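Visitor: got a structure for you, letters missing:
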């Protein structure tokens, strides 16, 4: 069931989402070659807790037999890792890497969710283009995040834009509603037909997250049960914000 947030709930959502935005502002300042992904995770958790929030991903149980609860504040995915990369002291960020980070902050009972892909050091123009297209795909999608449109209109806009740029979207994972729960209805794929799905109404809060692959869309899951990589080894990028459907333009809650 899709939840419509009250004004009070929306204010609480704004608080949680602001925490996420501040965390990303901090990470952008400190990320550099030679850091481990574990170090990045520690910085994020410290900042989140300073701001009165709890890392919602830490201890998250996927409910899949044999897959452990998620152990960290951040998902940190490097280069061909699409999503859900598990931070480690042994995973060192290098010059020329692109690093996708996804995190969720829980504050006062409500969640804020966003993802960013950071450039570390020097990368090619084509790599920068992948990141730019992924970010723009989000903004192409939210052109339809307005009252009267449907979820499928957002999905269609994202998928068609990415395809027009010569890239692929991940089909097995999607955006989602968000609020008291990290994942709520509706699911929001990054592809699909326009005119499908529920109609958007004021008070809906949605996490829209294009996951874009430079090569073919095929993915694989690593043995840790979490990390998703591209099958052909091509680069991947991720960009996500939590938004609020209003009577006018959508409000992006996870940007400062």
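Guide: Good, I have the coordinates. Just so it is clear, the model here is predicted, and its values are computed rather than measured.
Visitor: From now on I want contacts and neighbour counts done on CA atoms only, so please keep to that.
Guide: Noted.
Visitor: and for stretch 176-192, what are the contacting residues?
Guide: Contact partners of stretch 176-192, identified using Cα atoms under 8 Å, 6 or more residues apart in numbering, comprise 1-3, 13, 56, 104, 109-113, 151-152, 154-160, 169-171, 173-175, 198, 204-211, 242.
Visitor: Hmm, I typed the wrong one, I wanted stretch 221-234.
Guide: Residues contacting stretch 221-234 (Cα under 8 Å, 6+ apart): 67-68, 77, 79-86, 213-220, 236.
Visitor: tally of neighbours for the closest residue to residue 242 other than its chain neighbours?
Guide: Excluding its sequence neighbours, the residue lying closest to residue 242 (Cα to Cα, 6 or more residues apart in numbering) is residue 207, at 4.3 Å. Neighbour count of residue 207, defined by other Cα atoms under 10 Å: 28.
Visitor: List the strands paired with the helix or strand hosting residue 82, with their directions.
Guide: Using DSSP states H and E, residue 82 sits in strand 81-83. Paired with strand 81-83 in the same sheet, following DSSP bridges, are strand 228-230 (antiparallel).
Visitor: circling back: check the contacts of stretch 221-234 for burial and list the buried ones.
Guide: Neighbour counting with 16 or more other Cα atoms under 10 Å marks 77, 79-86, 213-219, 236 as buried within the contacts of stretch 221-234.
Visitor: Could I get the buried residue list for the strand or helix carrying residue 8?
Guide: If you go by DSSP H and E, residue 8 is part of helix 7-30. Residues of helix 7-30 classed as buried by neighbour count (16+ other Cα under 10 Å): 9-10, 12-24, 27.
Visitor: quick one: average pLDDT of it?
Guide: The average pLDDT within helix 7-30 is 98.
Visitor: what about residue 32, which SS state?
Guide: coil (DSSP: H, G, I helix; E, B strand; the rest coil).
Visitor: wait, isn't it in contact with residue 118?
Guide: No - look at residue 32 against residue 118 with Cα atoms under 8 Å: they stay out of range, at 9.8 Å.
Visitor: Am I right that residue 72 is in contact with residue 57?
Guide: Yes - contact criterion Cα under 8 Å: residue 72 and residue 57 qualify, at 6.7 Å.
Visitor: What's the separation between residue 143 and residue 208?
Guide: 12 Å (Cα to Cα, to the nearest Å).
Visitor: the more surrounded of those two?
Guide: residue 208 (31 against 15).
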